[in-house]
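>>> this one's structure only:
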């Protein structure tokens, strides 16, 4: 997927398919390839899948926060000429999608969140990984998934490179503080957009009760569970994730 990135102006993004746009937002440590399964499936089902690279480590430190990333997504949607989109976000990407939907509801036809931060203060990890300790990083990366084998060497190497980069560490901590500051609990009851919540039953990063809280607070939400699944359902169980999401999209006519 990375080889097929389009670069236009200040944006880098992957795009596939034609039809209703689904804009996909990756998480803090997540790359675009986390959504390979989603892109392959929905791009053949009447949807245009668009996955922008979020400027998590490249924006000015003052613009390294949830609100600024939400504005970046709005600018990207405008740049692409989309009227309204379905937003899909995992982890920090879910939080950005939620905040974007709060700020720019007119741009969002529907919302899909999975393992999202926004309610749960420990979502960014309570102990920041020790620099230099590869085995520790490997265990942390494996804990994201129900099946530790999903944490490939490539994933572990990527996380390891981030925690050993001083600037990226500072920005990661800045984002973590911003995520806590931009807690969505008071906003969610006022957000009436169609919302699909897909959650791993064994998510240790944002535990199942977080999904239940999102579902309780959001007036127009549907909650789906995936068994034997951790924090990144679309990676660990792509077929089941796609099946549930497609079922919901049909149900709500999106």
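Sure thing, it's come through. As the structure is a computational prediction, the values presented were derived from the model and not from experiment.

>>> Wait, a strand at residue 87?
Yes: according to DSSP: H, G, I helix; E, B strand; the rest coil, the state of residue 87 is that of a strand.

>>> Run a quick neighbour tally on it.
28 (other CB atoms under 10 Å). Every residue, glycine included, has its C-beta placed from N, CA and C.

>>> so where do the helices sit in the protein?
Counting by DSSP state H, one finds helices in the chain at the ranges 36-42, 66-80, 92-103, 134-142, 153-163, 166-181, 208-217, 233-236, 238-251.

>>> Turn those helices into JSON lines, columns for mean neighbour count and mean pLDDT.
JSON lines is the format used below for these (neighbours: other CB atoms under 10 Å; pLDDT from 0 to 100):
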{"stretch": "helix 36-42", "mean neighbour count": "20", "mean pLDDT": "96"}
{"stretch": "helix 66-80", "mean neighbour count": "18", "mean pLDDT": "97"}
{"stretch": "helix 92-103", "mean neighbour count": "26", "mean pLDDT": "97"}
{"stretch": "helix 134-142", "mean neighbour count": "17", "mean pLDDT": "89"}
{"stretch": "helix 153-163", "mean neighbour count": "16", "mean pLDDT": "90"}
{"stretch": "helix 166-181", "mean neighbour count": "16", "mean pLDDT": "90"}
{"stretch": "helix 208-217", "mean neighbour count": "17", "mean pLDDT": "97"}
{"stretch": "helix 233-236", "mean neighbour count": "24", "mean pLDDT": "96"}
{"stretch": "helix 238-251", "mean neighbour count": "17", "mean pLDDT": "98"}
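
>>> and these as CSV, adding distance to residue 28?
Shown next, in CSV, are those (distance: least, CB to CB, whole Å):
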stretch, distance to residue 28
helix 36-42, 18
helix 66-80, 11
helix 92-103, 4
helix 134-142, 13
helix 153-163, 9
helix 166-181, 6
helix 208-217, 16
helix 233-236, 15
helix 238-251, 20
